[in-house]
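Enquirer: quick one, structure for this:
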Amino acid sequence: DGVNNLHDVVLLIQTVIPVALIGFMEAMTIAVTVARRTGYGEVISQNELLGLGACNVACSFFQGYPVTGSFSRTSINADAGATSPFASLSAAV
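Expert: You can find the predicted model right below:
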């Protein structure tokens, strides 16, 4: 039924958009907080959104989980002085 499918899509969009916005706000909060603490400089929100979107699209092809930031992991890496991408990989495991 085309009408039922359209209704399901509308219901899904009503849930997906707020969840995506909350994930983006969380990631931006983490990025800005760490940037201020470490003297990184300005965080460009468009780049953050593009990165999160690209990761989530790539995840969808491999049945992965949606990607957002992690306050605890980022904070530990920032406090430890980690600067390489390997630090994030090892903290994730």
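Enquirer: whatever helix or strand residue 7 lives in packs against which elements?
Expert: Element membership for residue 7, per DSSP states H and E: helix 2-38. Here helix 2-38 touches helix 45-60, helix 71-80, going by 3 or more Cβ pairs under 8 Å, 6 or more residues apart in numbering; DSSP states H and E. The way it works is simple: take the backbone N, C-alpha and C, and place the C-beta from them, glycine included.
Enquirer: ok, how many other residues are close to residue 86?
Expert: By the criterion of other Cβ atoms under 10 Å, residue 86 has 9 neighbours.
Enquirer: how about stretch 63-70, which residues are buried there?
Expert: 67-70 (16 or more other Cβ atoms under 10 Å).
Enquirer: give me the buried positions along the helix or strand of the chain with the lowest mean pLDDT.
Expert: Of all helical and strand segments in the chain, the minimum by mean pLDDT, DSSP states H and E falls on helix 85-92, at a mean of 76. Residues residue 87 are the ones in helix 85-92 that count as buried (16+ other Cβ under 10 Å).
Enquirer: the inter-axis angle of it versus helix 71-80?
Expert: 130 degrees (axes from the mean of the first three to the mean of the last three Cα atoms, to 10 degrees).
Enquirer: residue 48 - how many residues pack around it?
Expert: Number of residues near residue 48 (other Cβ under 10 Å) recorded here: 17.
Enquirer: tell me who's in contact with it.
Expert: 24, 27-28, 31 (Cβ atoms under 8 Å, 6 or more residues apart in numbering).
Enquirer: would you turn those residues into TSV with neighbour count and pLDDT?
Expert: TSV is the format used below for these (neighbours: other Cβ atoms under 10 Å; pLDDT from 0 to 100):
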residue	neighbour count	pLDDT
24	17	90
27	21	88
28	16	91
31	19	88
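Enquirer: which residues does the residue nearest in space to the middle of the chain contact?
Expert: Nearest to the mean C-alpha position of the chain, by Cα atoms, centre = their mean, lies residue 68 at 2.6 Å. Each residue near residue 68 by Cβ under 8 Å, 6+ apart is listed here: 23, 26-27, 52.
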